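1. Quick one, structure for this:
(one chain, ligands or ions: 2)
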Amino acid sequence: MSSHPRNTASILMEALPYIQKYSGKTIVVKYGGNAMTEPALQQSFARDIVLLKQVGINPVVIHGGGPQIGDLLKKIGKESHFVDGMRVTDAETMDVVQMVLGGLVNKQIVNMINQAGGRAIGLTGKDGNMIIARKLEHATVDLGHVGEVTEIDASVVKMLEEDRFIPVIAPIGVGKDGTSYNINADIVAGKMAEVLNAERLLLLTNTPGVLNKAGTLLEVLSQQDIQDLIADGTIQGGMLPKLTCATDAIAAGAKSASIIDGRVPHAVLLELLTDQGVGTMVTR
Ligand SMILES: Nc1ncnc2c1ncn2[C@@H]1O[C@H](COP(=O)(O)OP(=O)(O)O)[C@@H](O)[C@H]1O
Ligand SMILES: CC(=O)N[C@@H](CCC(=O)OP(=O)(O)O)C(=O)O
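-> Ligands and ions are numbered 1, 2, ... in the order given. Have a look, this model is predicted:
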């Protein structure tokens, strides 16, 4: 006997309690540069975001664009260097970061969401003095214009949310003196989730989630697990800022943070509105 294929009614019945649970709540979604490479996946991401808004949930999109910054740097003959998952950012690189994140990538995502039937507004952290930052001091390397968030004024985000818009935010901060800062998008997403008191924080990336040394997906991670996995080198590179921000968001009151596989079509809907998870959930 073959099992019955899932019909629309059963899918909707499964989604309904989740829609009720998240109705009127904010969900911060970090859309990583590695997860946004294929047009079909971009469209399914945009559809998911629009659908959330249409059923009364408030998505706030924070995007990355590391590979896209790397591509333009390469075209002008500059190599990318990363330390602990952070791009070493001299003044010229900072200009490229602003062009790529604030211009190209931000407007591509805005356009995708609008094409899918939503009303997205793209901003950087400079708009409305939203993301105030200072230089991130690293113990051994001068990271240049890499910033850390000192303050987020989310009033513009709240205003947009209430007015049926979907905010799409590039992780560029500004110092009190007007200096521009390049901030890892995961960190911005985590801080934004804290400030907005978001119900969920989803970080979309290009792996199934957090993997152990044998390459097996770790579906749930506690704070202690994370410390152990960082200490033994299992978690490294681009995964470090994700788990730092997940840990910080949870310490600040978020119930959970999830690192999910952005290569799975409709990953956002699957993670939020079905019983099935698509990655790693970080808990207390
Ligand atoms: N334990 C781990 N499990 C999964 N990925 C890991 C792990 N440790 C390091 N990584 C790396 O982190 C990367 C994801 O971070 P990053 O490249 O910054 O993605 P994004 O652009 O989505 O932010 C993965 O592609 C992988 O190379
Ligand atoms: C300081 C720092 O590293 N900033 C990142 C900002 C973009 C980002 O975070 O992009 P992904 O999410 O696609 O990795 C960068 O320059 O690549």
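
2. Now do the helices in the stretch 1-150 of the chain.
-> Applying DSSP state H, counting those that start in this stretch to the stretch 1-150 of the chain gives helices spanning 8-22, 39-54, 66-75, 91-97, 106-115.

3. want to throw those helices into a markdown table with mean neighbour count and mean pLDDT?
-> Bear in mind the C-beta positions are built from the backbone N, C-alpha and C, glycine included. Shown next, in a markdown table, are the helices of the stretch 1-150 of the chain (neighbours: other C-beta atoms under 10 Å; pLDDT from 0 to 100):
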| stretch | mean neighbour count | mean pLDDT |
| --- | --- | --- |
| helix 8-22 | 13 | 90 |
| helix 39-54 | 19 | 96 |
| helix 66-75 | 17 | 97 |
| helix 91-97 | 18 | 98 |
| helix 106-115 | 19 | 98 |
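
4. In contact with residue 200, which residues are there?
-> 22, 25, 27, 28, 254, 255, 256, 257, 258, 272 (C-beta atoms under 8 Å, 6 or more residues apart in numbering).

5. So what's the residue count around the fifth one?
-> Read that as residue 254. Residues near residue 254, counting by other C-beta atoms under 10 Å, number 22.

6. Same check on the fourth one?
-> Other residues lying near residue 28 total 30 when counted by other C-beta under 10 Å.

7. So for residue 178, which of the helices of the stretch 1-150 of the chain sits nearest?
-> Closest to residue 178 of the helices of the stretch 1-150 of the chain, according to C-beta to C-beta: helix 91-97, at 12.7 Å.

8. Quick check: the spatially closest residue to residue 51 that is not a sequence neighbour vs residue 178, distance?
-> Of all residues not flanking residue 51 in the chain, residue 269 sits nearest, at 6.7 Å (C-beta to C-beta, 6 or more residues apart in numbering). Separation of residue 269 from residue 178 (C-beta to C-beta, to the nearest Å): 40 Å.

9. Just want the phi and psi numbers for whichever residue of the stretch 151-284 of the chain sits closest to ligand 1.
-> Here the residue of the stretch 151-284 of the chain nearest ligand 1 is residue 238; by C-beta to the nearest ligand atom that distance is 2.2 Å. Main-chain torsions, residue 238, degrees, to the nearest 10: phi -60, psi -20.

10. Need phi/psi at the spatially closest residue to it that is not a sequence neighbour.
-> Spatially, and ignoring its direct neighbours in sequence, residue 238 is nearest to residue 85 (4.9 Å; C-beta to C-beta, 6+ apart). Backbone torsions of residue 85, given as degrees, to the nearest 10, read phi 80, psi 0.

11. Hmm, residue 85 is touching residue 243, no?
-> No - taking contacts as C-beta atoms under 8 Å, residue 85 lies outside contact range of residue 243: 10.1 Å.
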